[in-house]
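Undergrad: Would you be able to build a 3D model of this:
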Amino acid sequence: MKIFQKLFMIAAIAGLSFGITSCTRRYKPMLSSHDGVNFKITSLAQAEEIAKAENKPLFVFAHASWCPTCKKMEQEVLVQKKLGDVYNQQFVDVAIDIDSPEGHKLNDRYKIRATPTLFFLNADGGIAKKAEGFMTAEELLATAQSLKIK
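TA: Residues are numbered from 1 along each chain as shown. All right, here's what the predicted structure looks like:
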């Protein structure tokens, strides 16, 4: 019985140690890639200024470090060349962590209910399209085409 208790304690301590170290590790999102979408990590106000200067709409990727769906999009979808070719040329791309001060401002303005939330904004800040949750590369390309962005 004592051996079982010792093994249980060792397993519990190992599990607790793993849990603590994995929770304290800072997640660094993959918001720029060589081929995929290259996000400008900036404030929404600065992104709007850039969009006006370049006469382009905004693509806002509202994400969270704790969101597994956001991570999946960052690692599997937003890194694809076919998306980078369209989005880097036709949009001002900005990523905003919803838990940051900028994320709170974004939420106050547009009400974020899920992560990720993808906003497609006109130059004046009006919403052309809002999508919540995971989107595939094909869906993102179809969205760009449906907005008739040239």
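Undergrad: and the helix or strand hosting Glu49, which residues are buried?
TA: Using DSSP states H and E, Glu49 maps to helix 44-54. Buried residues in helix 44-54, counted by 16 or more other C-beta atoms under 10 Å: 44, 47-48, 51. Glycine gets a C-beta too; all of them are placed from N, C-alpha and C.
Undergrad: How about residues contacting that helix?
TA: 40, 42, 57-58, 60, 92, 94, 96, 102, 105-106, 109, 121, 123, 125 (C-beta atoms under 8 Å, 6 or more residues apart in numbering).
Undergrad: first to last residue in stretch 57-71, what's the distance?
TA: 24 Å (C-alpha to C-alpha, to the nearest Å).
Undergrad: pLDDT below threshold where in the chain?
TA: By pLDDT under 70, the low-scoring segments of the chain are 1, 4-32, 148-150.
Undergrad: What ranges does it have for its strands?
TA: 58-63, 92-97, 117-121, 127-132 (DSSP state E).
Undergrad: counting contacts, what elements does the last one pack onto?
TA: So the one you mean is strand 127-132. Contact here means 3 or more C-beta pairs under 8 Å, 6 or more residues apart in numbering; DSSP states H and E; on that basis strand 127-132 packs against strand 117-121, helix 137-146.
Undergrad: Backbone dihedrals for Lys56, please?
TA: Phi and psi for Lys56, reported as degrees, to the nearest 10, are phi -130, psi 150.
Undergrad: Spit out the contact partners of it.
TA: 90-92, 123.
Undergrad: Next, format these as CSV and append neighbour count and distance to Ala144.
TA: Shown next, in CSV, are these (neighbours: other C-beta atoms under 10 Å; distance: C-beta to C-beta, whole Å):
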residue, neighbour count, distance to Ala144
Gln90, 15, 6
Phe91, 21, 8
Val92, 26, 13
Ala123, 15, 16
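Undergrad: Return the closest of those residues with respect to Cys67.
TA: Phe91 (21.5 Å; C-beta to C-beta).
Undergrad: Name the nearest residue to the closest one, ignoring sequence neighbours.
TA: If the residues on either side of it in the chain are set aside, Phe91 comes closest to Phe59, at 4.1 Å by C-beta to C-beta, 6 or more residues apart in numbering.
Undergrad: Give me the number of neighbouring residues for that neighbour.
TA: For Phe59, the tally of surrounding residues (other C-beta atoms under 10 Å) stands at 28.
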